[in-house]
Structures are given as C-alpha cells and as structure tokens.
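S.K.: Predicted structure and sequence below. I'll ask about it afterward.
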Amino acid sequence: MHQAYNVHSILKQGVQIESIAAYGNHVILGTRSGQLIMYSVDKVAGVDMRMFNKNFSRKPITQMEVTVEENLLFVLTDGLVQVCDISRFESNFAFMHSAKDTKGCTLFAMDVDSQKSTTGEVATFIRVCCAIKRRLVFFFWKKDKLDSLELSIELSDVPRSLCWAGHAVCVGYKDEYVVYDISCKTPKKHDLFLTSSSISRDPCICLIRNNMLGISKDSYLVVVDPNQYKDNKDGNASSFENVRPGGMENKNLLTPLLWSSPLLDLVWDDPYAVGRVNNAIEVRSLVGKDTLVQSIPELQKTRFLVHADKGTIFAAATSELWCLRLVEIPTQRQQLLQQKKFQLAIELTQISDEPAEDRAQTIRQIHMLYAKELFTNKEFSSAMTEFEKAAIDPYDVIRLFPNLVPEPKPGTENIAVASSAPPLEDGDLESAYLALIEFLATARQREVVKLRDAKSSSKSLLEIIDTTLLKCYLQTNDSLVAPLLRLNQCHLEESEKTLKKHNKISELIILYQMKGKHKDALKLLREQAAIEGSVLQGRKRTIRYLQELGADHLPLIFEFADWVLQEHPEEGLCIFTDELLDDEEEEGSLPPAKVLDFLISKHKLLVIPYLEYLINERHNSTTLLHNVLLKQYREQVQRFLGQQEDEPSNLKPMRAKLYKMLEESKFYSPDRMLEEFPTNMLLEERALILGRLKKHDKVLAIYIQVLGDVAKATEYAEANYDDDENIFHTLIKCILIPPAQPLYEGVTLHPDFVQVNRKVALDLLNAYATKIDPFEIFEHLPDDMPMPQLEKYLDKSIRKKLADKHQMQMTCGLLEAEVNRLEVAVQAQRNISFEINEFSVCPECKKRFPSQAAFVRYPNGQIVHLSCHDRIARAAAQQ
C-alpha cells in the first residue's frame, strides 16, 4: 500500500447534503431542502462559494449530473428532471427547462457524445434515460429543452441503478443486473448476474476504463464489456464464446476485483477504482496481485462519491464535504517501485503530465525493472513480454543465458538487468528457452523489416539472434532447426560447432548450403555416404544437392559427381537429367555442351543415355548434339560388327536406333555424317543420308545394285517423285545399265543385278508406265527384247501421252475463248464516254477538276482526283 490521495476537509456542519455533482475544481451540492450550492475548491485560494440558489425546489434534490461541454446542470427533484445554466456564476443556477414528460422519474442516466465536423465545429449530443416507475424513457437535448426519442423499455421491476455506455444501458435491480442493447430497432435484453449470491443488495454500476462497465457483485467488482452484447447484422449477439450468465468467467476481460466488503458506491479515476465500503473508502488498482492501494477509514461516514477531474474526487456525508486529490505521480512512482508494483507505476506514468520523451523513457525503464523482477521470479514468458515493451536490445536479453552467448558484442554497455540475472537450474531452462524463442522470433521479424527497408544495419544483430535461436531449438524442439537454417543469418563457425556437438549432420549440410560453403557440404556428404547407419548414407542426398547447385558451380558439380557416376552410373546420371534441363536457355541450367564434354572424357558409357534424354525427352534441336548421338550410335554398331564372335545381342537394338534417328531426325548435318560414315558397311544407313542430300541416283544404286532391294528402291522413288519426276527413269537405268565395277571398294554387287534383270525391269515398266517416258528409256532397253513383252507398258504409256495431249488441246481452246471474251469486254469499256467540265466536282474533296488534271473513274461511274484515289487506297490498306 501507498498514499495515492490526500484528503482535504472542505465543509463541516453546513447543510444536509442529498446529492452531489462536480466538474473541474467545482463541486455542486443538492440539499434536502431543495437548495443548490456551488463551491470552488482551489489548492491556493482555498474554498469559495460561487453560486447559491436557496429556493430552487421545495423538495430534496435527489440526483444531479453536469454536462461540461454545454455548461448544463441536470437536476432531479420532485420527480422531474430540470435543467440549469451554470455558464455564469452570477446567474445562480439560472433555470432553463423543466421536462414535464419525466414526471415520476426516480433515477436518470446520461450519454454525452461530442463529434467534430469536417469544418472543425464541435457538436455535442446529449441523451437522457429516465427511470419512471417500471419503464425506461429516452430523451435528447434539443434547442434548450428535452425532446422525446420515442423510445421506451418496459422493465420487470423498479431500477435502483442506471448506467449508459454507448449502445447499451445497464440496469441494476434490487437482486440482479441486466443490459439492454438499444442499437436494435427493438431493444434487446441480456441478463447479466445477480447482485449477490446470498442476500439482496443495492446494485452499484460505474463506467470505468475504455468505456467498460464496473458492476458490483457481493464483494467483487466485475468488469463487463458492453460490446459483447451488441447485435451483429445477422441479429445475433456478438458475445464471446466463454461468457456465461454469471458474467465472471470471461477471460477476455479483467479478473473480478475483490474488495474488503460489498461496494456501496464507486467512481473511476484512472488508474484507480475508488469505492465506498462499509467502514472506509478504498482505492484499488485493476492490475497486479495486491490490488489495495490505499484505505481511508476517516471517511467512513461518506454517503456520496463523485469524480470531478483527473486526480480530483469529492466525497460527501450528510453534512460534511471532502476533496481527495491525487498525490504527485513522481512521488507515487517512487513508492511503487520500492514496493515492486511496476504495472501500476507504468499506468500512473502514462497519465502523467511529464514531457512525452521523458515519460516514454521512464516507462521503458520501469518495463526493464519489471522484466528483471519477473525473470528473477522465473516468470519467463511475462518477463520476455516486458523486455519487448521496453524495446531492449535482444543481445542484452541473450546475455541472461551465459551458455547461449556466442561472443561479447563490441561496444555493448553493461546493463544491470543482464549482470544481476540469477543462474538457471536445469528444471527451469526449458521454460526459459521457450520464452526466449518467442521473444527472439518477434525481434527477428522486426530486424528483418529494418534490414529490408534499409533503416539500419542490423546484420550482426540478426546473426546473433539466429545463432541463439538455433541453440534454443536444439535444446527444445530440434524439428525447427532445419526451417531456421534455410532462412538464416547464423554465425557460421559458432553454428557449425553447435551442430557438430549435437550430431546434427543433416542440419549442418543445410547450414553449409545456405552459407555458400558447398564444397564443405559435398565433402561431408561423401564421407557420410559410406558410414553405416548415418542419416546421410547413400547417394541420394548428394545427387539432390548437386542438382540444386546450378551452372555457376559447374566445376564443383563435375568434381563431386565423379564418385557417384563411378559407383552407380545410371543413378548418378540423374544429376544432369532430373528436372534440370527444362530449357536450354533457362537461367541456372547446366550447359549441355560442357556436360557432354565431361561425360565423353570420364564416363563415355553415359554419353548415349544423356544425349537420348536431351533429344527424346527434352526435344533439344541442337545440331551438334544430334551429330554426336549419331556418331555414338555408329561407333557402337561398328564395334559390334567388328567382333569376331556371334552377333551381339545389343547390335540389332543399337542399329535400329541409328536407322530411326537417321530417318526421323531433321536436325543432324547429313554432309558431316556422310564424311564420317564408312563406305564398306552400313550401306542402308548411308542411303538414308544420301537421300537427305537428294542424291537419288546413288541411293537407288545402293538399293538395287548392292542390296538388291527392289521394294525399298520403289518406295524411295514413290516418296521423292514430286521432287524429281525423272526418278523412275533413274531407277530403270540402275537395272538396265549394270555397273562395270563395284560402287564402293570392298563392296560386292548383288548377284541379281550384275547383268540386266529383264523381269524386274518389265515389272517396273508395267507398274509405273505413266511415270516413265518411253522416249527416255527406249535407248537403254536391250536390243533383243521382244516387242510383245513391252505391249502392256507401251499401251499405258501411249494412252497417257494421248490423254495429256487431249487435255492440252482443251485447255488451249478454253484459254483462247477467254481471251476473246476479255478483248470484247475491254473494247466495251473503251467505248464508254463521259464529260468533265468546269462544273464537275470530286465527291471526295468537293473541289472542281482543273484543266489537264489527272483523275480516276470508278466502275460505278464516279470520278475522283487521282490524289483522292491514292488517299482512299492508303486508308483501306492501313485498315
């Protein structure tokens, strides 16, 4: 406890006080005989009577409320609400209005709302709620009188207490409290709780901090948020899920405040709740464990309490009046800090009149002292919250944990909060680490934002925070280590040492990777791959790591891919194939040419699979890659053919791949391939290359004279007939004119075509008679060939010639007729005449035609200037 208020006696044995109101340093008394008296209470000048109205009413003044914004005093006497003007002391409570509609009123509550318009004018809206028997009737102040709001609420009993808070009106009966939501079209009732669990007590309601309702229940002050009883758009009350009718279980609000006895009256003077109990006036705080701040037993006779201004409260008995003034805040703060009541000290400092900078610095210091106390008491989570409010350097908090400090921070001042921290036992370490993690996570977010916005250079601090978080995670929840390392600013050496100490090899790899220490990571992966039982045993992690490196680290990829490719070639090839070469030009992808050079030099057996992947799966169209793959196919086939033993099993599949690629690929260079191809073997494949070069005579010579494959020769001739109409002549010549010597050295001619093969020649002549000109071929036929054998060929050929001649004649006749028709049409157009004179006007530019002007006549007879015609034509072309 400490002294929060000084008590000053103002009036003794004066009048019989029936009600009291106050504002600023003025207090207004309403007496039992109907008098109104205003006193001014000043610290220097003392007490002075300012206004006195002896005959205001014949009945007792039962209730008064002051509206400071409009200088109005609302008085309840003889069951009527009357309004007085208190703007001028000489007026002595000048009467303004008596609201006859309030007849029978026993109690009233007011709601005053001041709003500032866009023009800067302040408008005050005054509403009054009157309890008239078992009914609430609502009025508003308009033009010096109270008008009805046309709103009333029927009650179940006569109210003993009223309090208006925005959209809600709280009513206290002799045995319960209820809240009415008047924001709805029809006011909605919400039951709160009983005034007492055992006996019937008078209700007590007061508006406290943030427009909350402070309601007395037994010896408790229950804080209720009226917003939880406001209906939403759907018509459902937006109350919290954990609110019960008892009203004391709502964890979203303050814990019910215990008093020494049931409250008889209550006022709120931030940050204190000042209440009248049976034998004293008690001052209590809403925060902290020990809420009692001051007890004033000398005011046990008090009947009335009223709040006048910040730090000023008036208390009155039947015929006595006191003023309670707040003790200077610095004095209170010093006492509170000695008593370690830091929360209350902060609240008091927040409302002090000290300069803003001094106030903020003082609050920060109190937060730090409070955090120190909480940490000493092992309330680690609350301590970290206070450290955060104090905006303390995170490094100073880390220093509370000596085993987490990586190294002294240059230039850091030694703050008492860090040096006087007690040692932590093993049982408390985990809780302390968890609280520290939450604090550092928030601090990290703040520092990252600063770094991104370039507001400060906080990389070193981020490094300390992340390194400390790493150590905390290893002590509490190591599953969070990997996510931290992927987005970290950890100190490399310190983190490396910590991870090795805890045998976190997988996480150490992530640290190396994020710090760019790829060689260290790959060395560690190679070492761990051969260790039995290691989490990194095998090749998969190395392969994935190498895949993620990208083209900037190509030498490193080749260096550490070597051991994987030696041990497991097929699996290791995934380093260069899986999801890596989606696009040859894609940023970060491995250049195929360099990968190919590496494979050719060290792992030649993987060249073909790699090239097949690029060409068949990634559809790479680079000529070089296609040439190299064909060369690899050819060399393999030649090697298989050169083996003396039986035909290898791989020969046919490999030769089929070679043949298919030569036939289907459009991206290899046939000239280059022809230079490298042998002339004494693979002649069928050679024929494909020659065909790509359009050397039909050599292709047909290979098919007929070497391979003896008439079907393929015929198929080739049919496929290329559109390009060369004489290709069938060339085919027949290959049969009718046998070569004098082999086509290529070491290649024997086919026995069926060493001499003229008349049967094959006649078959082709008869089959393709329409495509073989007899004038071109007769000179090559054998002299002794009987004419009857050529009858079928000649019949088809001559018929084709005659049909072509007849078609030509018909075409010539038709063309001649068309020429004649066009000549007649042209002559008809030439015979058309028209006149242009000085009155003729161009329809486009609306100008006359001058003499010797160039013009254009359209088929519809319209005549325009040549320049106008050109302009129209250009516009049409642009569209």
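M.R.: Cool, got the structure. Just so it is clear, the structure is predicted and the values come from calculations on it, not from any experiment.

S.K.: Which residue ranges of the stretch 101-250 of the chain form strands?
M.R.: Secondary structure of the stretch 101-250 of the chain by DSSP state E, counting those that start in this stretch: the strands cover 105-116, 122-132, 135-141, 146-154, 161-165, 168-172, 176-181, 188-194, 205-208, 212-217, 220-224.

S.K.: Report the contact partners of the closest residue to residue 475 other than its chain neighbours.
M.R.: Using C-beta to C-beta, 6 or more residues apart in numbering and skipping the chain neighbours, the partner closest in space to residue 475 is residue 433 (5.3 Å). Placement of C-beta: from N, CA and C, glycine included. Residues in contact with residue 433 (C-beta atoms under 8 Å, 6 or more residues apart in numbering) are 401, 472, 475, 476.

S.K.: Top of those residues by number of neighbours, please.
M.R.: Comparing the contacts of residue 433 on neighbour count, residue 472 comes out first with 26 neighbours (neighbours: other C-beta atoms under 10 Å).

S.K.: so where's the chain uncertain?
M.R.: Across the chain, the stretches falling below the confidence threshold (pLDDT under 70) are 232-253, 406-422, 453-458, 579-588, 644-647.

S.K.: As a quick check, tell me the outermost residue of this structure.
M.R.: Outermost residue of the chain with respect to the C-alpha centroid, by C-alpha atoms, centre = their mean, is residue 784; its distance is 92.8 Å.

S.K.: if I've got this straight, it is in a strand?
M.R.: No - with DSSP: H, G, I helix; E, B strand; the rest coil as the criterion, residue 784 is assigned coil and is not in a strand.

S.K.: List the backbone torsions phi and psi for it.
M.R.: The phi/psi pair for residue 784 (degrees, to the nearest 10) reads phi -90, psi 10.

S.K.: Quick check: the gap between it and residue 797.
M.R.: Residue 784 sits 21 Å away from residue 797, taking C-beta to C-beta, to the nearest Å as the criterion.

S.K.: what's the answer for residue 299, then?
M.R.: For residue 299, the distance to residue 797 equals 139 Å [C-beta to C-beta].

S.K.: What of residue 524?
M.R.: When C-beta to C-beta is the yardstick, residue 524 and residue 797 sit 83 Å from each other.

S.K.: who's in contact with the closest residue in space to residue 478 that isn't next to it in sequence?
M.R.: Computed as C-beta to C-beta, 6+ apart, the closest residue to residue 478 that is not its neighbour in sequence is residue 504, at 7.0 Å. Remark: with contacts taken as C-beta under 8 Å, 6+ apart, residue 504 is in contact with 474, 478, 481.

S.K.: any idea which of the residues you listed has the most stuff around it?
M.R.: Greatest neighbour count in the contacts of residue 504, by other C-beta under 10 Å, goes to residue 481: 26 neighbours.

S.K.: Which helix or strand contains that one?
M.R.: Secondary-structure element containing residue 481, defined by DSSP states H and E: helix 481-486.

S.K.: and that helix, what other elements does it pack with?
M.R.: Under the contact criterion of 3 or more C-beta pairs under 8 Å, 6 or more residues apart in numbering; DSSP states H and E, the helices and strands touching helix 481-486 comprise helix 459-476, helix 505-514.

S.K.: quick one: buried residues of the first one?
M.R.: Spelled out, that is helix 459-476. By neighbour count on 16 or more other C-beta atoms under 10 Å, the buried set for helix 459-476 is 461-476.

S.K.: same check, this time on stretch 705-722
M.R.: Applying a neighbour-count criterion of 16+ other C-beta under 10 Å, the buried positions in stretch 705-722 are 705, 706, 707, 708, 709, 710, 712, 713, 714, 716, 717, 720.

S.K.: quick one, longest helix in this protein?
M.R.: Determined from DSSP state H, the single longest helix within the chain is helix 787-830.

S.K.: helices and strands around that helix, which ones?
M.R.: Counting by 3+ C-beta pairs under 8 Å, 6+ apart, the elements that helix 787-830 packs against turn out to be helix 758-767, helix 774-777.

S.K.: if you compare these, which one is most tucked away?
M.R.: Mean neighbour counts were taken over the helices and strands packed on helix 787-830 using mean count of other C-beta atoms under 10 Å, and the top value, a mean of 18, falls to helix 758-767.

S.K.: Great, nothing more from me.
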